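**Q** Just to be clear, the model below is a prediction. Sequence and coordinates:
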Amino acid sequence: MDNLSEDQMLENMRNEIKGYIRMRGFTYESLAKLMSEKYGFSVTPQSINNKLSRGSIKYIDVIRIALALGYKITWN
């Protein structure tokens, strides 16, 4: 993992988040709806997709996605 380029790390992150979304049976649409209801502000499927595609997702957004899906992020 130490020898991965930034592009490779971003691709791995995107794929991991997408995988967790699918494993819980969500689409971007259903996740956006859940997050909008849970956090009280508008989240769109397109905004989730754009952030993941561009690699511009903030850590707070990753945490919100994880919590909405029932995951907890831990560092080992």
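**A** Thanks, I have it. Numbers count the residues shown, from 1 in each chain.

**Q** so where's the chain uncertain?
**A** Counting by pLDDT under 70, the ranges of the chain that qualify are 1.

**Q** same thing but 90
**A** 1-4, 6, 55-56, 76 (pLDDT under 90).

**Q** SS state for Leu10?
**A** Following DSSP: H, G, I helix; E, B strand; the rest coil, we place Leu10 in the helix state.

**Q** Do you have the helices of this protein handy? List them.
**A** 6-23, 28-39, 45-54, 59-69 (DSSP state H).

**Q** got TSV for those, with mean neighbour count too?
**A** Backbone N, C-alpha and C define where each C-beta goes, glycine included. Shown next, in TSV, are the helices of the chain (neighbours: other Cβ atoms under 10 Å):
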stretch	mean neighbour count
helix 6-23	13
helix 28-39	15
helix 45-54	15
helix 59-69	15
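
**Q** Rebuild those as JSON lines, extending it with distance to Asn76.
**A** Shown next, in JSON lines, are those (distance: least, Cβ to Cβ, whole Å):
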{"stretch": "helix 6-23", "distance to Asn76": "15"}
{"stretch": "helix 28-39", "distance to Asn76": "26"}
{"stretch": "helix 45-54", "distance to Asn76": "24"}
{"stretch": "helix 59-69", "distance to Asn76": "15"}
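
**Q** Okay, Lys58 and Asn76: tell me how far apart.
**A** Between Lys58 and Asn76 the computed distance is 22 Å (Cβ to Cβ, to the nearest Å).

**Q** And these two? Which one has more around it.
**A** Taking neighbours as other Cβ atoms under 10 Å, Lys58 and Asn76 compare with Lys58 leading, 9 against 2.

**Q** contacting residues around the residue lying closest to that one once chain neighbours are set aside?
**A** Ranked by Cβ to Cβ, 6 or more residues apart in numbering and with sequence neighbours excluded, the top spatial neighbour of Lys58 is Lys51, at 7.8 Å. Residues counted as contacts of Lys51 (Cβ atoms under 8 Å, 6 or more residues apart in numbering) are Ile57, Lys58, Asp61.

**Q** and if you look at Tyr59?
**A** Neighbours of Tyr59 in contact, by Cβ under 8 Å, 6+ apart: none.
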